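Q: Okay, here's the prediction I keep looking at, along with the sequence it came from:
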Amino acid sequence: MTEAEKLDVQVMEARSRVLGAEHPDTLTSMANLASTYCYQGRWTEAEKLEVKVMEANSRDLGAEHPHTLTSTANLHHNTVIRTMDRGREAGSSSHGGKE
């Protein structure tokens, strides 16, 4: 576990305990942890958190609220990065790892 991940988890857990699991600040911390997972290539874990954030924002704030739209965009962005990463991996393996 990286230092960034440890801090993200600590903040998210503290905010959840103090403010509640669906408080906007807790959801922001959850999105931050998802971003850390994405940068680590932990796509499935990132996606699960991003979906939770998006669903909670949509339910609590409405589908067109800026926080909901941001969480939807984050989910889409990380999906695009995952797809691009897979494409690079496939390209590298088809060229014997050489570009």
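A: Arrived safely, thanks for sending. Residues are numbered from 1 along each chain as shown.

Q: pLDDT weak spots in this protein?
A: The chain contains residues with pLDDT under 70 at 87, 92-99.

Q: longest single helix anywhere in this structure?
A: For the chain, the longest helix by residue count, based on DSSP state H, is helix 66-94.

Q: Which helix or strand contains Glu52?
A: Just so we're on the same page, residue 52 is Lys rather than Glu. helix 43-61 (DSSP states H and E).

Q: which residues are contacting that helix?
A: 22, 27, 30-31, 33-35, 37-38, 65, 67-68, 71-72, 74-75, 78-79, 82 (CB atoms under 8 Å, 6 or more residues apart in numbering). (Each C-beta comes from the backbone N, C-alpha and C, glycine too.)

Q: And the longest helix of the chain, what does it pack against?
A: helix 24-39, helix 43-61 (3 or more CB pairs under 8 Å, 6 or more residues apart in numbering; DSSP states H and E).

Q: next one: the last one to chain centre, how far?
A: Mean-position distance between helix 43-61 and its chain equals 8 Å (CA atoms, centre = their mean, to the nearest Å).

Q: Run the angle between it and helix 24-39 for me.
A: 160 degrees (axes from the mean of the first three to the mean of the last three CA atoms, to 10 degrees).

Q: What is the distance between the longest helix of the chain and the centre of its chain?
A: Averaged C-alpha coordinates place helix 66-94 at 11 Å from its chain's average position (CA atoms, centre = their mean).

Q: same check, this time on stretch 4-12
A: With CA atoms, centre = their mean, you get 13 Å for stretch 4-12.

Q: contacts for it?
A: 1, 26, 29-30, 32-33, 36-37, 40.

Q: Take those and write them to TSV, including neighbour count and distance to Ala56.
A: Output for the contacts of stretch 4-12, formatted as TSV (neighbours: other CB atoms under 10 Å; distance: CB to CB, whole Å):
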residue	neighbour count	distance to Ala56
Met1	8	25
Thr26	22	9
Ser29	24	12
Met30	23	9
Asn32	18	15
Leu33	23	14
Thr36	20	19
Tyr37	21	18
Gln40	14	23
